[in-house]
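In: here are the coordinates; sequence isn't available:
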């Protein structure tokens, strides 16, 4: 349904360092730097960060990145913790979503709820 997603960040350098770290375990990387905008993906940039046009209270967003397996979710979580992210939920199975839903949730430098999720059985 979505072709790409962009979010605004208060400190582009800090957010780029965070996403460089947490997206690598999921197989994504920084693909394009366009001024202060950074595009991430596996082959094309489909997740973007860019500077907020003005200071102020941004609203929390939630987005989830697909992980190929549970080990990648665990690696995402470890990288996020290492990068100083606030832990929302450690990696676990969330049967209320479906029997194989394995996800971890952290906050990025702007307070967004960022998740990595794997849908395959263990």
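Out: Structure received. This one's a predicted model, so the numbers in the text were calculated from it and none came from an experiment.

In: Okay, and the beta partners of residue 51?
Out: residue 9 (DSSP bridges).

In: how much space between the closest residue to residue 33 other than its chain neighbours and residue 16?
Out: The shortest distance from residue 33 to any non-neighbouring residue, by C-beta to C-beta, 6 or more residues apart in numbering, is to residue 39 (7.9 Å). Quick note: C-beta positions are derived from backbone N, CA and C, even for glycine. Note on residue 39: its distance to residue 16, by C-beta to C-beta, to the nearest Å, is 11 Å.

In: Overlap of the contact sets of those two?
Out: Both residue 39 and residue 16 are contacted by residue 30, under the criterion C-beta atoms under 8 Å, 6 or more residues apart in numbering.

In: Below-threshold pLDDT in this structure: ranges please.
Out: Low-confidence segments of the chain (pLDDT under 70): 56-58.

In: Relative to the top strand by length along it, what are the paired strands and their orientations?
Out: The longest strand of the chain (DSSP state E) is strand 86-93. According to DSSP bridges, strand 86-93 has the following sheet partners: strand 102-107 (antiparallel).

In: I'd like the next helix or strand past the partner strand.
Out: strand 113-118 (DSSP states H and E).

In: how close does the closest residue to residue 69 other than its chain neighbours sit to residue 102?
Out: Nearest non-adjacent residue to residue 69, counting by C-beta to C-beta, 6+ apart: residue 118, 5.3 Å away. As judged by C-beta to C-beta, residue 118 and residue 102 stand 5 Å apart.

In: shared neighbours of those two, anything?
Out: Contacts common to residue 118 and residue 102, judged by C-beta under 8 Å, 6+ apart, are 70, 73.

In: Residue 118: what's it in contact with?
Out: 66-70, 72-73, 100, 102-103.

In: Can you tell me which of those residues end up in strands?
Out: Assigned to strands by DSSP E, the following of those qualify: 66, 102-103.
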